[in-house]
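> Generate coordinates for the sequence data below:
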Amino acid sequence: MQSRPAAATPTPVRSPCVKVCQMDPATQLCLGCSRTQEERDWWVAYTDQQQRDVLARCEQRREVLASGKGEFAQSMGIVESRRKRP
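Alright, predicted model coming up:
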């Protein structure tokens, strides 16, 4: 009898929070992680893919802040939770 390979366990998406939870009044972004308030509030409701999308938006925002050029990626906003309930 052949053994089946163990199913890969998906790696959870790590929160970008660095414990500097303060909103910049000028940019409306968190000074620590570059998320919007909605993205911070709704992080746990986002699917893994939505969380990855937020991380990409944060990276884009940091690049805009560093270069001083461009516009910030829009907020993911409020979503209906698609997470499985226990």
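> How far off centre is the helix or strand harbouring residue 38?
Taking DSSP states H and E as the definition, one finds residue 38 inside helix 37-42. Using Cα atoms, centre = their mean, to the nearest Å, the mean C-alpha position of helix 37-42 is found 9 Å from that of the whole chain.
> So what touches that helix?
The set of residues that contact helix 37-42 without belonging to it, under Cβ atoms under 8 Å, 6 or more residues apart in numbering, is 17, 21, 23, 28, 30, 33, 54, 57, 75-79. Bear in mind the C-beta positions are built from the backbone N, C-alpha and C, glycine included.
> For the next helix or strand along the chain from it, list every residue counted as buried.
Elements were assigned by DSSP H and E; along the chain past helix 37-42, the next helix or strand is helix 48-67. When burial is assessed from 16 or more other Cβ atoms under 10 Å, helix 48-67 yields the following buried residues: 50, 51, 53, 54, 55, 57, 58, 61, 64.
> re the thing from before, want to throw the contacts of helix 37-42 into CSV with distance to residue 68, pLDDT and secondary structure?
Rendered in CSV, the data for the contacts of helix 37-42 read as follows (distance: Cβ to Cβ, whole Å; pLDDT from 0 to 100; DSSP: H, G, I helix; E, B strand; the rest coil):
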residue, distance to residue 68, pLDDT, secondary structure
17, 25, 95, coil
21, 24, 93, coil
23, 20, 97, strand
28, 17, 96, coil
30, 19, 97, strand
33, 20, 97, coil
54, 23, 97, helix
57, 18, 97, helix
75, 21, 94, coil
76, 24, 88, coil
77, 26, 87, coil
78, 30, 86, coil
79, 31, 79, coil
